[in-house]
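[1] sequence first, then the predicted structure:
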Amino acid sequence: MALIEVENLTKSYKTFKRKEGLKGAFINLFKREYEFVQAVDDISFHVESGEILGYIGPNGAGKSTTIKILTGILTPTAGKVAVNGVVPYKRRQQHVKNIGVVFGQRTQLWWDIAVIEAFTLLRDIYEVSKTDFQAQLEKFDTVLGIGPLLHIPVRKLSLGQRVRCDIAASLLHNPPVVFLDEPTIGLDVAVKSNIREFIKEMNASLGTTMILTTHDLSDIEYLCQRSLIIDQGKIIFDGDLQQARDELARKRKIQVDFYERVDIDSIRAQLNIVKLEFTRRNDYALTISFDKDEISAIDIIQKVLDRLHPRDIKIEEPTIETVVKEIYSK
Amino acid sequence: MGHFRKFWTRFRIYTRFSKIRFIDRLSYRAHFFLVLTEYLLIIIVNYFLWKAILADGRTIRGYALDDMVTYVAVAGVFRFIINELSGGISREMSGQYHSGELIMNLLKPVSYQLYIYFRAFGGILFQLLFRGATVLTIWALLVGLTPPDSAATFTVSLALGILIYAGIAFLVGLTTFHIENNAGVLFATTASIELLSGTLIPLVMFPGWVVSILDYLPFKMIFYIPIQIYLGQLGVQEIVSALIVQAIWAFSLSVAGFLLFKTSVRKLTIQGG
């Protein structure tokens, strides 16, 4: 049995359609029109224990709604959800004891107290022993550098400091399941890479199961074997993005720069390879496109070097971004 | 024993929410004195009003000037509590709903209702220990104050009154989940509580039919019963039955809050992200 099970999950909202302007506002007082929004539309997926699942999609695709249902905040309109055998929204208090949640955009800490006070309060709430707590604090200090922040009131922390404390706070009780909703939003490169390392390490050493939502695809590339892509409430991709990139991006591109003006017809004749496409980038540069399953890049490059007189050659690798864009646009 | 220990650890956690609110309330000095002055002025105005009305030993429905001197001061202090509960429970809940802090609290293995209650209790403790004590001391020194007829029964009754209002304030706070903007509901209930709980004038001064309707509502249980016990207007029999009715109201309102919270959370729609 999978650790997280989602079957035919649907969540629809009834929203009030506001009419604009003064006249509209007046009409709204007496007559209201509602419309239904399908935030999540009949999705199913499983997450195995110890997996890090990437969960991506454009804004408003239904990512956060899914996370909020899995964490027990929202009740689904239809469908089944179980995390570790518990139906989140039915037994919220029991459920949240065993999960950790990081919402990068909002804090999990109580505003009006110092970080360490919030931590000790969480320690008591989650019934973490004092020795375990001390060990966790030391670990978080090494990886996230939160030591100097402990005595600052939460409301005075900068975004980066706050997110680091937030991550520590939500993992204090070593939860077996962790939801990370945009954990690296707005962070600088150094902090970001620290956090990534930390997530990877935690998953490797403790076998923590994680669902990671992010717009930063390099997070996904670094951390996730498997990803789901959701768009308009439906799952449009479920699998390994690296593999998808290799499969999807059969079209490769080589950019060649020259010392002399480019004459496409003579270059085509000199190379003498069928099924190449040439596009002129400017007077001294062109792009050669080809299908990597039909022609090897090595062949092309060798002929370019032998027969032409290039100034520079660059092979364009398709990025995860282009792959995701391609999946979105399908 | 195990159950008791568990209960005690949980209780200690919730008292820490009280402590946080208490310390938070302590940290605004200017605000402390401004509010203190405002409420003291209201008590003084009320006092002079009653002094004029009840001149030359006159009484209205059994209330003489001596009673009213104490009445306006205790009522004045109670208004701190009303203020704390409407702000610390109803408005706080509405604020948390709109800021998303509610979500963060739902993600913790604690009861939201108890968390809200205990925070408010911390605020009330601050109001009584600092503002209340200051106002009553000033009043006792300048004008005079009769001590409560039975301090213990008064304290119990007052605590129950506070619980009843906490229950109402929690229900008002929950309306935000359904109608988005509950400022109107909040304003209306705070105004009715001030009027119908007896903090403005003794309820016995209302027309007879109003008084008999109020017997069936929880409002008089909030302040009027405690102040009547304070002034020694109730016999032992009456006190016992009043305390029982208070306890029933306190319990039912909190249970209603508990149940309504459950269904309200199910209907929660948080969009975006």
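    Yep, that arrived.

[2] please make it C-alpha for all contacts and neighbour counts, starting now.
    Will do.

[3] just the element for the closest residue to chain B within the stretch 1-150 of chain A, please.
    Chain B sits closest to A:Gln93 of the stretch 1-150 of chain A, with a gap of 4.5 Å, by C-alpha to the nearest C-alpha. Using DSSP states H and E, the element containing A:Gln93 is helix A:92-97.

[4] so how far is the helix or strand that contains A:Glu117 from its chain's centroid?
    Assigned by DSSP H and E, A:Glu117 falls within helix A:115-125. Here helix A:115-125 is found 29 Å from its chain centre; the criterion is C-alpha atoms, centre = their mean, to the nearest Å.

[5] hang on, the earlier thing: wait, isn't the residue of the stretch 1-150 of chain A closest to chain B in contact with B:Val110?
    Yes: here A:Gln93 reaches B:Val110: they are 6.5 Å apart, a contact under C-alpha atoms under 8 Å.

[6] related to what we said a few turns ago, tell me the SS of the residue nearest to the residue of the stretch 1-150 of chain A closest to chain B when sequence neighbours are not counted?
    Leaving aside its chain neighbours, A:Gln93 sits nearest to B:Pro109 (4.5 Å; criterion: C-alpha to C-alpha, 6 or more residues apart in numbering or on different chains). Assigned with DSSP: H, G, I helix; E, B strand; the rest coil, B:Pro109 falls in the coil class.

[7] pick out the residue in the stretch 51-200 of chain B sitting closest to chain A.
    B:Pro109 (4.5 Å).

[8] correct me, but that residue touches A:Gln94?
    Yes: contact criterion C-alpha under 8 Å: B:Pro109 and A:Gln94 qualify, at 6.7 Å.

[9] give me the distance between the closest residue to chain B within the stretch 151-300 of chain A and A:Ile99.
    Of all residues in the stretch 151-300 of chain A, A:Asp181 sits closest to chain B, at 9.3 Å by C-alpha to the nearest C-alpha. A:Asp181 sits 13 Å away from A:Ile99, going by C-alpha to C-alpha, to the nearest Å.

[10] surely A:Ser227 is in a strand?
    Yes: according to three-state DSSP, A:Ser227 belongs to a strand.

[11] count the neighbours of the closest residue in space to it that isn't next to it in sequence for me.
    Ranked by C-alpha to C-alpha, 6+ apart and with sequence neighbours excluded, the top spatial neighbour of A:Ser227 is A:Gly54, at 4.2 Å. A:Gly54: 26 surrounding residues under other C-alpha atoms under 10 Å in any protein chain shown.

[12] report pLDDT for A:Gly54.
    Looking at A:Gly54, its pLDDT stands at 93.

[13] hang on, A:Tyr284 packs against A:Gln255?
    No: using C-alpha under 8 Å, A:Tyr284 makes no contact with A:Gln255, being 11.0 Å away.

[14] re the thing from before, what is the mean pLDDT for the helix holding A:Gln93?
    91.

[15] where do the helices sit along the stretch 201-330 of chain A?
    Under the criterion DSSP state H, counting those that start in this stretch, helices of the stretch 201-330 of chain A are mapped to A:217-223, A:241-248, A:264-271, A:297-307, A:320-329.

[16] flag every buried residue along the first one.
    Judged by neighbour count using 16 or more other C-alpha atoms under 10 Å in any protein chain shown, the buried positions of helix A:217-223 are A:217, A:219-221, A:223.
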